[in-house]
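J.: Dropping a prediction and its sequence here:
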Amino acid sequence: MDVFTALESRRAIKHFDPSAKMTDEEVRKLLSAVILSPTSYNIQHWRFVRVSDTALREQLKEAAWGQTQVTDASELIILCGDVNAWQTDPARYFSNTDEQTRNTLLGMLDNFYRGNEQTQHDEVLRSCGMAAQSLMLTAKAMGYDTCPMIGFDQKQVAELIQLPDNHIIALFITIGKAKQRAHPRSGQLPLDEVLIENRF
Ligand SMILES: Cc1cc2nc3c(=O)[nH]c(=O)nc-3n(C[C@H](O)[C@H](O)[C@H](O)COP(=O)(O)O)c2cc1C
């Protein structure tokens with residue numbers, strides 16, 4: 001499937017077929033592609049929580065105000081990230097570079113994030129956004145449907161998945177086979193309203 005077809009055919013699916021299951025191999029293939037998405041300074045601070053425990057899924061559904069995608073989809077992935085990853089052994093983000101390049105990048109990375117809590121926080125959301133779209137398009141290309149979700153209680157979900165300190169949750173993505181097709185797109189803004197030439 002080419003990328004234009006994946007973009008056009010991806011829709012947020014609200015009703016999944018609970019009998020349709022992805023294999024572990026397919027999930028690993030999907031996520032192996034997703035982690036090739038870009039991150040600032042190659043920091044790769046995303047963490048993907050794959051929720052396979054059905055009892056935990058039920059609890060997460062309650063925390064998501066009963067949205068059935070959470071339990072009916074084959075997979076539930078919680079995209080979160082480590083806001084402190086910029087200072088956790090960062091040399092590994094540049095392990096294939098020569099030493100001089102590595103040292104330059106380490107200095108730049110430190111300078112960019114140290115003391116900038118807002119940027120550290122925003123970077124997790126930016127990176128997870130990149131990963132989310134990669135995940136949804138790759139899933140589509142593999143014959144699966146998805147639903148991105150932010151309709152859940154952040155605090156409850158953090159407790160349920162034992163989110164470590166200094167991590168934040170960006171969104172859920174459920175993956176599976178649609179039982180019902182999405183409604184027609186609810187109202188796309190014209191490109192000319194959202195495309196700005198040079199300045200506002
Ligand atoms: C960050 C984000 C959070 C969303 N949260 C939910 C959600 O909690 N439940 C839901 O059913 N759909 C959710 N959606 C799906 C949107 O409603 C949907 O993407 C939008 O209406 C456009 O429809 P489309 O994705 O089918 O083109 C979310 C989408 C995004 C990007």
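T.: Structure received.
J.: What's the per-residue pLDDT of Leu135 here?
T.: We note a pLDDT of 98 for Leu135 in this prediction.
J.: How much space separates it from Asp89?
T.: Here Leu135 is placed at a distance of 26 Å from Asp89 (Cβ to Cβ, to the nearest Å). For every residue, glycine as well, the C-beta is placed using N, CA and C.
J.: Need the residue closest to the centroid of the chain.
T.: Nearest to the geometric centre of the chain sits Ala132, at 3.4 Å (Cα atoms, centre = their mean).
J.: Quickly find the element holding that residue.
T.: Assigned by DSSP states H and E, Ala132 belongs to helix 117-141.
J.: pLDDT at the residue nearest to the centre of the chain, what is it?
T.: pLDDT recorded at Ala132 is 99.
J.: still on that earlier bit, now the helix holding Ala132: buried residues?
T.: 120, 123-124, 126-128, 130-141 (16 or more other Cβ atoms under 10 Å).
J.: What ranges does the chain have for its helices?
T.: 3-9, 24-34, 54-63, 69-72, 99-113, 117-141, 154-160, 191-194 (DSSP state H).
J.: could these go into a markdown table alongside distance to the ligand?
T.: A markdown table is the format used below for those (distance: least, Cβ to the nearest ligand atom, whole Å):
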| stretch | distance to the ligand |
| --- | --- |
| helix 3-9 | 10 |
| helix 24-34 | 16 |
| helix 54-63 | 11 |
| helix 69-72 | 6 |
| helix 99-113 | 24 |
| helix 117-141 | 7 |
| helix 154-160 | 12 |
| helix 191-194 | 14 |
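J.: okay, the ones you listed in TSV with distance to Lys179 next?
T.: As requested, those are arranged in TSV below (distance: least, Cβ to Cβ, whole Å):
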stretch	distance to Lys179
helix 3-9	17
helix 24-34	19
helix 54-63	16
helix 69-72	8
helix 99-113	43
helix 117-141	16
helix 154-160	24
helix 191-194	32
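J.: closest one to Trp46 among these?
T.: For the helices of the chain, proximity to Trp46 was assessed by Cβ to Cβ; helix 117-141 is nearest, at 5.2 Å.
J.: closest point of this structure to the ligand, which residue?
T.: In the chain, the residue that lies nearest the ligand is Gly151 (2.7 Å; Cβ to the nearest ligand atom).
J.: The longest strand anywhere in the chain near the ligand anywhere?
T.: Counting residues, the longest strand found in the chain (DSSP state E) is strand 167-176. Yes. With Cβ under 6 Å from any ligand atom as the criterion, the ligand is reached by strand 167-176 at Leu171.
J.: ok, that strand: who's next to it in the sheet?
T.: Within its sheet, and counting by DSSP bridges, strand 167-176 is paired with strand 75-82 (antiparallel), strand 145-149 (antiparallel).
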